[in-house]
Structures are given as C-alpha cells and as structure tokens.
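>>> okay, predicted coordinates and the sequence, questions at the end:
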Amino acid sequence: MNDKQFWSVFGGLTAALAGLFGYLIYSEHQSVDAAEAEVASLRDRISNSRAIVRKTPEVEQEVIILREISDRIREILPDTKDLNNVIRDFQEYMQEAEVTSQGFKPTSNSSSRQRTRSAFERVSYQWELVGNTFQFLEFLNRIETHSRFMAVSKFDIRAANRRALLDEGLASHRIVLDVETYKYVPPSAKEGEVEIRSYERKRDLLSGEIGLRRQALSLQTYRYQGARGRRDPLIDPRVPARVDDPNAWTVQRQQEEVDELVARVEEAQGYWAASNVAKSVLERMVQRSELEKLILRLGEDLRRIEDEGHVTYRPAQTRIDTLVADPLDVLRLALDKSKAIEGPSITALQSVGDTMVGYIEALEYEQALDSFDAIEDSLALLLDDPEREELADWLRLLCEEATILRDFSAIDFKVGGVAIIEGLQPVIIIDGKRRTVGDLVAEELVVHSVRPNEVDFIFRGAIVTREF
Amino acid sequence: MITVNLLPEEYRRRAKSPIGMIAAISAAVLINTSLFAYWGYLHFGVSANIATTRDVLQADLSGLTWQVDYHNSLEAEIATRSQREQTLAEITKSRVLWTKTMDELIDVVQNGREGVDHFIWFNDLEAEVKVDRTKHGELQAAGVSGAEDYAQLANFAEDLEDPALSSLMDIFAAPEPLQASQERPDETLIPSVTWSFPLKMNLLSPAERVENRETAEGEAQ
C-alpha cells in the first residue's frame, strides 16, 4: 500500500467513524429531546391532576348534598307519572273543598314546553268542576301545595246565573281547570354512585348545608285562609229593591251573618262528634254541656234574624235553611234522644263517684265539685232506675260532703291552746277567746268536742275535725 | 514500476519519523474519541438522568390517576343529579300561584265600598299561563260595576295597581285601558244601573315575576 492508498483508507475510516458517532450523538439528542418533552408533559399532567384532586373535597361535599336531597327532589319531580295517585288525591281534595267534579280527561302533551325541553315530560289533565269561588280556591290551594310539583296552566270560571242562584241558593259556578304535573326523564339511564369514604361522618358535618338546600327546594306556596267573610266576586251582589226598609241589610252583610251562623253550627257539630268519641265520661259530659249552651245561643240568634226579616237574599235564606236551621234541628234531636235513652250509665256514675272520693281524700274539694257539676244535670234522668238512682244519691252525698268540707276549710281561725281537766268541761282558746263545748265559733260552727291535738266542730249538721 | 536504490548505504537518505502521519492519526483518534465520549455522556448521563426523572414522574402520575378518576366519577354524578335540580328550578320559575292571585283579586274587589269606591263583580273569569317568548299568559274577566257613576271603574283600576292592597302588579303588567258600556237598568235591583267592562291583565315574564317576588321578599325581611 503506498502512501496515497494509506491516506485514502485512513481518511475514509476516520470519516466513517466520525459520521457514526455524529449519528449516534444526533440520535441521542433526539431521544433526550423526546424524553424531556415527555417529562414536561408528565409534569403538566401531574400539575393538572393535583389541581383537580385539590378540588375533590368540594366535589365530594356537593355529591353528598345532592345524594341527601335527592329523595326530596324525587318527591317533587318523580321519575314515574303515578297518575292514579294524583287522581286519588284530586278526589280527596275535591271532597275537602266541597267542589264537585263533572269530568276529567288527559290533555295533549304537544305543548311547546314539551317539545323544547327533554329533561321532563309534561302530564296534563283537564277537570270540569262545579262550586263557588271560595271552594274552588280551597281546591286550587290544595293542588298548589301538593308535595308533587303541580301547576295550574289554565282555568275558566263561568259564574252561576242569578236565576240559578235564586233557585238553588248556592253558587254553582262552572269551572274548567287545566293542571300540569311532570315526570322527570333522566337524560342517561345510569346514575351510578361512587363510594365515598367515611360517608356518614362527612354527611353529618354537612347537615346544616343539607338542611338549607332541602329548604331551598321547597316549592313556593300560599296559605289560603278561606272566605273570611268576603263576598264571592262571581256572584251578582245586588239586592232586591226594598223601598219600605232603608235599613235593610246588604247582600254582603246577609252573607256574613249567615257565614257566622254556619261556622257556629259547624262548631256545634264538632262538639257533638267529640262527645261521641270522648274517652272518659267526664270529657263527654263537658262536650255535651258546651254543645247544649251553643245550641241554645244559636237558636236564639236564628230566631232573632228570622223575626227581624233581615235576610232577604234568596241564596242567604237557602243557606240558613240548609246549613243552619236543619243541622241545628238534627243536633237538638240527637242530643235529646241521647239524654232520654242513655243518661249516665252505672259505670259512669261509679267512675264519677270514685273520682270525687279521690279528690275529697286529697283535700281537693273544688275538683270534686267540678266532677259532680259535669254530671249533675243528667241525674234527673235516672229517677226511674233504682239502681242508678242509688248511685246518684251517693254522688249527691259526696257533693254535699265536698261542699261542707270546702266551706269549712275556708273558715280561718287560730287555736291558742286547750285545757282538759278531768271532771270539768274542756276549754279551748280560739282567736284569743275562751270557748268550750257547745260554743258558737263562727256562723254555723259549734264546738263539739276537744282533744289534746284536735277539735271537732258541728258544721251544717256534720262533725268536722281540725287538727292543730 | 519497481524502483531499486542502488546507492551505497552511506549515501542513502536516512529514514525520518512520519510526523505528518502521526499528527493525522492523532487528530483522527482525538476527534473520534471526543465524539464517542460526548455520545457516552449523552447516553449514560443526560439520557439516563431524564429516564430516571420520567420514571419518578410516571410513578407520581400513577398515584394520582385513581384520584382523578374518582374525582371525574364524582363530577359525572353531580352532572346527572344536578340536572334534575335545574329542571325543577326551571319549571317552578314559570308557575303562577293562582290561589294567591285570586285571593288578592277578591281582596281588591272586597275593598271597594258600595256607592263610594267601587262595587264590582264578574260574570266570568279566565286565566292562562303561556310558555312563549313574547306572550306569558293573562287574566281576563267580564266585569260589572254596580254604580251609576262610571268613574268608579277608575277607582277599581287604581286599587288593582295599589301595592298596599295586593301584590298583583308583581306578576301582571298594568291592566289594559278601561272601556265600559252601560247595561239596561233593572229597577227591581239595587243598584239598578250597571256598567259592563272587560278586565285584562297580561302576565309578566317568568324572570320578571321571580325578580319582583324576590324584591318583595327582600323588602318584607
């Protein structure tokens, strides 16, 4: 190999080696750059992940709150139509509000609302009702306070005409009512729950927030308080012209007076119902005593109103007849019947007697007398029944005893001391004065006998003892 | 061609060290060794160091991944559950409490004193809530004013808008302009003269109703 060849080979080898190393270095640089980019990306992802994880406690709280209020949300906006229950509820509400239904039918679901919002499905019903405005509002209020969300989208009231009012006496407006409720349609079927560690503890810590969110879910409602003496705005309130009586009551006044009487009759009916389900004889007696008083006062007021002829408005007159006079007669009759047939039973009399004895032994004479007062009026019904009359006599005796003891205990005097010497009349100092057996201490109170720590008196024919 | 040196030994040129060659070889070795060393530094130093860092970060990320997955699952649950809450808010916003509205209308009617302010009743009454961009619904009634003085209708219209008597104007726009026609007098009734008039009040938008209600509640508190 000559020099030239040598240098050629040498140069070639050197260049090849340098090229190889250059390539390796280049590749290494590439791989380092890629690795650095990967590291940077990892750092970013870690940073992002940390940022996300830092928010996890807040998200957890929100999930816990949503889970805890989900039952309330489901109650307001259920997944199911559950229309059968809605119809049952409506019937119950109509009965409570005293409106009558003349028909109902589902209405079309093709409203703009239905088409544009897919998260819930509108379920709508149309009802045809008959009733006055206040009954309708009572019914409406029940719908608008229903636990399930319901909205009245439309109603139309056609007022009862004057002729029908005069004939029937009651306003029967024809009402068409559209009520909407909603069925929630979840966008995706799955609503999986992630397990949250220490759920109960975390939930307990959030109880305040959960309460607030539950409260915020409450639907806006209105507390309807009834007619409150107002006139129905869908009733023609004009009165027949009466030139002879310038002080004639207006229709409004007539309606108010009748409303008040009706309310009192309802109160009386309440007493009657309560007396029939009373748990104790005493309670029953008290309820019937109140009922008797109320019936008496109602009868007087009704007579006065009828005598004075103030109620000329036919609907008001009809209401007086159907809602006051007739129920009052029914109540009177029922009360009289119950008195005539029943009177207090043996058990009732025994029970009252035992109660009175208990009170007397406990020195509670007033309560004993109250017990007797509750039954006293009905004792007159027992004359034909010797067995119960005997118990009635016992009760009268207990009453007399309780009266004497009550009055005796009310007499105030001070005993200064006693002197008991054999062979001599015992002496007692009462209110600083010397008294002996047979002396009058106060009105109807005579010393009967004296013992070391007590003295007997004769008081209204009975012997009573006072300790000192 | 073969060259033969025939000169005696003492005349021949003395062999010299190949300095150029040595220098060239040295340079070649130096360059290639340096390149190799640099590659070694990159491969075993920098690259390995980065690989270690990457492994550590990978391990960190793996530790965070399940936490992120957990977080995302919670977020998904929130999305599903809160949709119902939003739906509820949406439909409740547009609801009109007709019990309250009618009760207040009755108060306004009742407020009038016969022969003094107004004496009003209705022959029919219709109300509707609409879900429309421009029309939100209305309350319409065929009203009757029992008075000879038709100015009492203005009293009634004023009472409807009086916030001291009712909050009707929180949900309705002002009633449409008054118009009335006198009915044939009925001398058998008091008052005998009546005026018929249409009452129409348009519902405000749900947003306005909510705003007015919240303002009223704020003032009440």
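Received the coordinates, thanks.
>>> and the helices in the stretch 301-450 of chain A, which stretches?
Read by DSSP state H, counting those that start in this stretch, the stretch 301-450 of chain A holds these helices, from start to end of the chain: A:314-319, A:326-341, A:346-361, A:365-379, A:386-410.
>>> please apply the same query to chain B.
Using DSSP state H, the helices assigned to chain B run over residues B:19-40, B:48-93, B:98-111, B:152-161, B:206-220.
>>> can I get those in CSV including mean neighbour count, distance to A:Asp89 and mean pLDDT?
Every C-beta, even on glycine, is put in place using the N, C-alpha and C of the backbone. CSV is the format used below for these (neighbours: other C-beta atoms under 10 Å in any protein chain shown; distance: least, C-beta to C-beta, whole Å; pLDDT from 0 to 100):
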stretch, mean neighbour count, distance to A:Asp89, mean pLDDT
helix B:19-40, 13, 86, 90
helix B:48-93, 15, 19, 88
helix B:98-111, 21, 16, 92
helix B:152-161, 18, 34, 92
helix B:206-220, 13, 26, 85
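>>> turn the ones you listed into JSON lines, columns for distance to A:Lys154.
What follows is the helices of chain B, written out as JSON lines (distance: least, C-beta to C-beta, whole Å):
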{"stretch": "helix B:19-40", "distance to A:Lys154": "86"}
{"stretch": "helix B:48-93", "distance to A:Lys154": "16"}
{"stretch": "helix B:98-111", "distance to A:Lys154": "10"}
{"stretch": "helix B:152-161", "distance to A:Lys154": "21"}
{"stretch": "helix B:206-220", "distance to A:Lys154": "16"}
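>>> of all the helices of the stretch 301-450 of chain A, which one comes closest to chain B?
Each of these has some distance to chain B by C-beta to the nearest C-beta; the shortest is helix A:314-319, at 12.5 Å.
>>> domain map for chain B?
Residue ranges for each domain of chain B read B:20-93, B:98-220, as given by automatic domain parsing.
>>> adding distance to chain A, write these out as TSV.
Formatted as TSV, the domains of chain B follow (distance: least, C-beta to the nearest C-beta, whole Å):
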stretch	distance to chain A
domain B:20-93	3
domain B:98-220	4
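>>> closest to A:Arg434 out of the ones you listed?
Across those, A:Arg434 has its closest neighbour in domain B:98-220 (77.3 Å, C-beta to C-beta).
>>> and the closest one, end to end?
Taking C-alpha to C-alpha, to the nearest Å, the first and last residues of domain B:98-220 lie 21 Å apart.
>>> and for stretch A:95-104?
Criterion C-alpha to C-alpha; first-to-last residue distance in stretch A:95-104 is 15 Å.
>>> and that stretch, how far out from the chain's middle?
On the basis of C-alpha atoms, centre = their mean, to the nearest Å, the separation between the geometric centre of stretch A:95-104 and that of its chain is 23 Å.
>>> show me what it is in contact with.
For stretch A:95-104, the external contacting residues (C-beta atoms under 8 Å, 6 or more residues apart in numbering or on different chains) are A:87, A:90-91, A:94, A:125-131, A:135-136, A:138-139, A:142, A:175.
>>> export the domains of chain B to JSON lines and append columns for distance to A:Glu292.
Written out in JSON lines, the entries for these read as follows (distance: least, C-beta to C-beta, whole Å):
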{"stretch": "domain B:20-93", "distance to A:Glu292": "51"}
{"stretch": "domain B:98-220", "distance to A:Glu292": "36"}
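>>> select, out of those domains, the one closest to A:Arg435.
Each of the domains of chain B was scored for nearness to A:Arg435 using C-beta to C-beta, and the closest is domain B:98-220 (74.1 Å).
>>> nearest spatial neighbour of B:Leu189, skipping sequence neighbours?
Spatially, and ignoring its direct neighbours in sequence, B:Leu189 is nearest to A:Arg238 (4.1 Å; C-beta to C-beta, 6 or more residues apart in numbering or on different chains).
>>> residues near that neighbour, how many?
Around A:Arg238 there are 22 other residues, counting by other C-beta atoms under 10 Å in any protein chain shown.
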